[in-house]
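>>> need coordinates for the following:
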Amino acid sequence: PSHQPAQQRRRLIRKATKESKSLQAVIKYHHEGWPESSTMIAEPEAKLFFCRRFALSVVEGCLLLGERVVVPEVYRKRILKQLHKAHPGIVRMKSLARCYVFWPRIDADIEDLVRACPKCAAAAKLPTKAPLQSWPTPNGTWERVHIDYAGPMNGVFFFVVVDAYSKWPEIFATPSSSTKATLKLLRQCIARFGRMDLLVSDNGPQFTSAEFRTFLKQNGIQHVTTAPYHPASNGQAERFVDTLKRALKKINEGEDLEETLQVFLQAYRSTANPQA
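The predicted structure is shown next:
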């Protein structure tokens with residue numbers, strides 16, 4: 001249903017809710033009153049809503065838990081597939097689901113799906129090293145920006161830009177990671193979001209060239225580079241690059257790279273970042 005217009009999605013959910021024995025039982029209890037104990041509820045799945053009964057509402061025939069749509073059984077596998085489309089991993093899938101949808105045992109269903117996925121298993125995250133440099137929290141967006149490169153993959157580099165305050169990421173696919181290519185992409189960022197106060201990068205040649213330093217000086221941008229042997233101190237970009245690399249490993253041969261990047265970014269940006 002997620003690919004269809006909102007009005008049509010509501011109609012399909014409403015119809016499936018009406019045909020769901022368990023959800024109709026929940027709606028009946030919602031309208032007529034809940035029993036004193038869950039042990040008095042015969043329908044097994046309806047029983048699982050008892051502890052959440054005060055957060056339920058019915059809007060246009062659809063059952064809601066808070067602002068989340070309670071998905072009827074017939075659409076749950078399809079919703080799981082959509083949540084898993086970018087292979088975001090268990091934590092981000094749960095976070096994304098908690099923004100929009102609910103059904104009993106949804107967390108367990110997400111865990112089972114991800115653990116059974118060969119791509120997710122192959123790209124399982126290695127233990128994260130603690131960052132060697134702790135950065136202060138900025139006062140606002142675009143105050144401090146971290147940049148890095150991932151790749152190459154099939155001849156393509158990925159220029160990664162992460163705002164330290166909001167954790168908002170941008171990815172630019174480019175055939176070159178040269179200073180010239182980097183400055184072109186950085187100018188696009190500045191044109192779109194404004195000039196950053198502080199730029200953090202590693203000691204890559206494109207970030208330490210005279211041309212790069214001149215550009216930053218002309219634009220009044222401070223530049224901090226990480227220790228030569230400790231790129232992990234470029235924490236914000238480093239963490240996102242790690243996430244991106246794992247996502248790139250899950251791309252099937254022949255898949256459109258640009259489309260895959262957009263799906264990945266949409267999923268990443270749609271989930272709350274606990275550090276933001």
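
>>> quick check: buried residues in the lengthiest strand in the chain?
For the chain, the longest strand by residue count, based on DSSP state E, is strand 144-153. By neighbour count on 16 or more other CB atoms under 10 Å, the buried set for strand 144-153 is 144-151. To be clear about C-beta, it is placed using only N, CA and C from the backbone, and glycine gets the same treatment.

>>> can you check stretch 36-52 too?
When burial is assessed from 16+ other CB under 10 Å, stretch 36-52 yields the following buried residues: 41, 43, 45-50.

>>> quick one, grab the pLDDT at residue 236.
The score at residue 236 is 59. That number is its pLDDT.

>>> end to end, how far does stretch 198-207 reach?
This stretch, stretch 198-207, spans 13 Å end to end (CA to CA, to the nearest Å).

>>> gap between it and the chain center?
When distances are taken as CA atoms, centre = their mean, to the nearest Å, stretch 198-207 is centred 26 Å away from the chain's centroid.

>>> give me the mean pLDDT for it.
92.

>>> name the residues of it that are buried.
Under 16+ other CB under 10 Å, the buried positions of stretch 198-207 are 198-202, 204, 206-207.

>>> nearest to residue 171 among those residues?
Of all the buried residues of stretch 198-207, the one sitting nearest residue 171 is residue 201; the distance, using CB to CB, is 15.7 Å.

>>> give the contact list for residue 47.
Under the criterion of CB atoms under 8 Å, 6 or more residues apart in numbering, the contact list for residue 47 reads 38, 41.

>>> what about it, distance to residue 21?
Remark: distance between residue 47 and residue 21 (CB to CB, to the nearest Å) = 13 Å.

>>> which residues touch the closest residue to residue 197 other than its chain neighbours?
By the measure of CB to CB, 6 or more residues apart in numbering, the closest residue to residue 197 outside its immediate chain neighbours is residue 143, 5.0 Å from it. Residues in contact with residue 143 (CB under 8 Å, 6+ apart) are 164-165, 196-198.

>>> which among the residues you listed count as buried?
Among those, those classed as buried by neighbour count (16+ other CB under 10 Å) are 164-165, 196, 198.

>>> let's have these in CSV, adding distance to residue 88 and secondary structure.
CSV is the format used below for the buried ones among the contacts of residue 143 (distance: CB to CB, whole Å; DSSP: H, G, I helix; E, B strand; the rest coil):
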residue, distance to residue 88, secondary structure
164, 22, coil
165, 22, coil
196, 27, coil
198, 29, strand
